[in-house]
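# generate a structure from the sequence data that follows.
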Amino acid sequence: TSFCKVATANMPRKEVPRYYCMPSEPGMADARIGSWTREKIRKYFKDKPHRLVSNEWEPFNHDFLELQATSETDLAGKNKDGPYLMFLTSIRNPINRLLSAYKFWGHLNNPAKVKPTLELWLQRYARRSNRWKVLSDDFAANV
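The predicted structure is shown next:
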């Protein structure tokens with residue numbers, strides 16, 4: 001992702017998770033941190049050298065807002081109650097987002113020998129979207 005490219009160009013490599021800047025868990029390449037608790041993300045930053053995580057697949061966990069720095073002491077790293085997180089949101093052109101999803105799911109992570117054309121992939125995606133219910137977890141993760 002562009003976000004990850006900016007991070008890897010400006011941060012020490014050990015501080016950036018390898019898989020598209022997303023943390024991993026056993027059996028999952030991307031840990032989908034939107035469903036993590038505050039305690040789990042605290043433990044992750046305590047146990048790992050990473051100083052960045054990306055969450056592309058799930059809705060933002062509003063509980064994480066409590067982990068923001070609120071004082072100069074927090075920002076200086078002198079308060080041991082951390083981690084203190086900074087949140088960054090990137091807003092993408094919907095067409096670019098769709099083409100990125102096609103590249104990622106239609107080609108890079110598609111086990112089929114013959115990859116679908118963009119048109120076929122869009123038709124399949126549209127059929128799947130008919131099953132989404134407004135405000136369901138699946139719908140919210142794809143908005």
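# what's the longest helix in the chain?
helix 118-129 (DSSP state H).
# would you put the C-alpha positions of it in CSV?
This file holds the C-alpha atoms of helix 118-129, laid out as CSV (Å, rounded to 0.1, in the frame of the first residue of the first chain):
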residue,chain,number,x,y,z
LEU,A,118,-11.3,-7.1,-14.3
GLU,A,119,-14.8,-7.3,-15.7
LEU,A,120,-15.3,-10.9,-14.5
TRP,A,121,-13.8,-10.1,-11.1
LEU,A,122,-16.2,-7.1,-10.7
GLN,A,123,-19.2,-9.2,-11.7
ARG,A,124,-18.2,-11.8,-9.0
TYR,A,125,-17.6,-9.1,-6.4
ALA,A,126,-21.0,-7.5,-7.2
ARG,A,127,-22.8,-10.8,-6.7
ARG,A,128,-21.0,-11.3,-3.3
SER,A,129,-22.0,-7.7,-2.3
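# give me the buried positions along that helix.
121, 125 (16 or more other C-beta atoms under 10 Å). Every C-beta, even on glycine, is put in place using the N, C-alpha and C of the backbone.
# show me what it is packed up against.
On a contact count with 3 or more C-beta pairs under 8 Å, 6 or more residues apart in numbering; DSSP states H and E, helix 118-129 meets helix 94-101.
# what's the angle between the helix it packs on and helix 118-129?
Orientation check (axes from the mean of the first three to the mean of the last three C-alpha atoms, to 10 degrees): helix 94-101 against helix 118-129 gives 100 degrees.
# can I get helix 94-101 as PDB, trimmed to CA atoms?
The C-alpha trace of helix 94-101 is given here as PDB (Å, rounded to 0.1, in the frame of the first residue of the first chain):
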ATOM      1  CA  PRO A  94     -12.700   4.800  -5.000                       C
ATOM      2  CA  ILE A  95     -11.700   3.700  -8.500                       C
ATOM      3  CA  ASN A  96      -8.000   3.400  -7.300                       C
ATOM      4  CA  ARG A  97      -9.200   1.400  -4.300                       C
ATOM      5  CA  LEU A  98     -11.200  -0.900  -6.500                       C
ATOM      6  CA  LEU A  99      -8.300  -1.500  -8.900                       C
ATOM      7  CA  SER A 100      -6.000  -2.200  -5.900                       C
ATOM      8  CA  ALA A 101      -8.500  -4.800  -4.500                       C
END
